[in-house]
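Q: need coordinates for the following:
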Amino acid sequence: MIDSMKNPKYKYFVPIEKLSQRIELYIEMGQSIAIVDPLDPKDNEVLHTIEKTLLASYDSIYIDFKKISSTCTLSKEIIQQCRKLVARYEGLDIEIEDSDYSDDYYCLNDALKKPQEISTRLGKEKSILFYCRDFTHLLSLDAGKQIQEHMRAVMQYQQNIILVSRGGDKKENNALFLNPNAPFFRYVGIIEV
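A: Numbers count the residues shown, from 1 in each chain. Sure, this is the predicted structure:
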């Protein structure tokens, strides 16, 4: 359990347990979420603790988007994370092969479908978190809009794959998730700390 922490900005105790419970409730309901980074670095430490707890509690694909520079690097990272996840399960017979990285569309499409394959093999009720650290970094990439469009096109039909986006300020998250012209418009519930 995560302890409460006094937040001087609001002059009362931030109920960290409630924040953690709220995040877990969204996940249990199968709802994708975006967690907006707080301005206070102390609150960021608390979110880091919650992040570590989530990643330890759920099967997850962890992508740090600050390390992503292209469609190809994203595809490779998803494949690598899928391999790590499959390795945790003895006897799970799924081959995670490299894609044809010369075709951006094909390799990202193939990589994005792997978490669903793993979830299906693990069992109907087994959710996988597609955890995106600094997802808002996509806004600064040349291919960022195309990556978003492709991710949304594949992920919207997947079952038991829950997108968790953490990072970025309110303005960046609004650009990704509340802009009617954005591919992920209304795809997630937004949690502000």
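Q: can you report how many residues neighbour the residue nearest to residue 27 when sequence neighbours are not counted?
A: Nearest non-adjacent residue to residue 27, counting by CB to CB, 6 or more residues apart in numbering: residue 162, 5.7 Å away. (Glycine included, C-beta is placed from N, CA and C.) Close neighbours of residue 162, defined as other CB atoms under 10 Å, add up to 24.
Q: make residue 1 into 38 and carry on from there
A: All right, first residue 38 from here; so that's residue 199.
Q: just confirm residue 199 is within a strand.
A: Yes: checked against DSSP: H, G, I helix; E, B strand; the rest coil, residue 199 lies within a strand.
Q: I figured it hits residue 71, correct?
A: No: if you go by CB atoms under 8 Å, residue 199 and residue 71 don't touch, sitting 11.8 Å apart.
Q: so for residue 127, what's the pLDDT?
A: On the pLDDT scale, residue 127 is placed at 84.
Q: with residue 86 instead?
A: The model reports residue 86 with a pLDDT of 84.
Q: so it lies in a helix, does it not?
A: Yes: with three-state DSSP as the criterion, residue 86 is part of a helix.
Q: separation between it and residue 149?
A: Separation of residue 86 from residue 149 (CB to CB, to the nearest Å): 29 Å.
Q: need phi/psi at the residue nearest to the spatial centre of the chain.
A: In the chain, the residue lying closest to the centroid (CA atoms, centre = their mean) is residue 168, at 2.5 Å. Reported as degrees, to the nearest 10, the phi and psi values for residue 168 are phi -90, psi 120.
Q: just to revisit the earlier point, the residue nearest to residue 64 pairs with what?
A: Per DSSP bridges, residues listed as beta-bridge partners of residue 199: residue 166.
Q: and it, what is it in contact with?
A: 64, 67-70, 164-167 (CB atoms under 8 Å, 6 or more residues apart in numbering).
Q: same question, residue 191
A: Contact partners of residue 191, counting by CB under 8 Å, 6+ apart, are 146, 149-150.
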